[in-house]
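In: no sequence on this one, just coordinates:
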């Protein structure tokens, strides 16, 4: 089966992360990842969220750890 489309909601979450400034990057990423997992698109949106986080200055390790935390909090597997 094809993965679900992230639609405009997914694009909005990525844009939200891209708009983060120093001091709010991790918080915005965590919030966006939680919303993605709650809406059933976390597994599809994880890679675009990591890319957005890298663009804001987070390391890949930081971004993946934050997304994994969001997945655990929302009881999903990253």
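Out: That came through fine. This structure is a prediction, so every number in the text was calculated from the model and none was measured. Residues are numbered from 1 along each chain as shown.

In: Count the neighbours of residue 8 for me.
Out: Close neighbours of residue 8, defined as other CB atoms under 10 Å, add up to 9. All C-beta atoms are positioned from the backbone trio N, CA, C, and that covers glycine.

In: Please state the offset of stretch 48-63 from the chain centre?
Out: 9 Å (CA atoms, centre = their mean, to the nearest Å).

In: Any buried residues in the worst-scoring helix or strand of the chain on mean pLDDT, and which?
Out: For the chain, using mean pLDDT, DSSP states H and E, the weakest element among its helices and strands is helix 7-18, scoring a mean of 88. The neighbour-count check on helix 7-18 (16 or more other CB atoms under 10 Å) flags 10, 13-14, 16-18 as buried.

In: got it, and stretch 40-49?
Out: When burial is assessed from 16+ other CB under 10 Å, stretch 40-49 yields the following buried residues: 41-42, 45-46, 48-49.

In: Can you convert those into JSON lines and add a column each for secondary structure?
Out: Output for the buried residues of stretch 40-49, formatted as JSON lines (DSSP: H, G, I helix; E, B strand; the rest coil):
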{"residue": "41", "secondary structure": "coil"}
{"residue": "42", "secondary structure": "helix"}
{"residue": "45", "secondary structure": "helix"}
{"residue": "46", "secondary structure": "helix"}
{"residue": "48", "secondary structure": "helix"}
{"residue": "49", "secondary structure": "helix"}
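
In: Tell me the one among those residues nearest to residue 68.
Out: Proximity of the buried residues of stretch 40-49 to residue 68 was ranked by CB to CB; the top entry is residue 46 with 9.1 Å.

In: Would you mind confirming that the closest one makes contact with residue 68?
Out: No - contact status for residue 46 versus residue 68: not in contact, 9.1 Å apart, counting by CB atoms under 8 Å.

In: where does this protein dip in pLDDT?
Out: Filtered on pLDDT under 70, the chain yields the residue ranges 1-7, 77-78.

In: how about the helices in it?
Out: Secondary structure of the chain, counting by DSSP state H: helices at 7-18, 25-38, 42-56, 60-73.

In: Does anything pack onto the third one? Which helices or strands?
Out: Packed against helix 42-56, as judged by 3 or more CB pairs under 8 Å, 6 or more residues apart in numbering; DSSP states H and E, are the following elements: helix 7-18, helix 25-38, helix 60-73.
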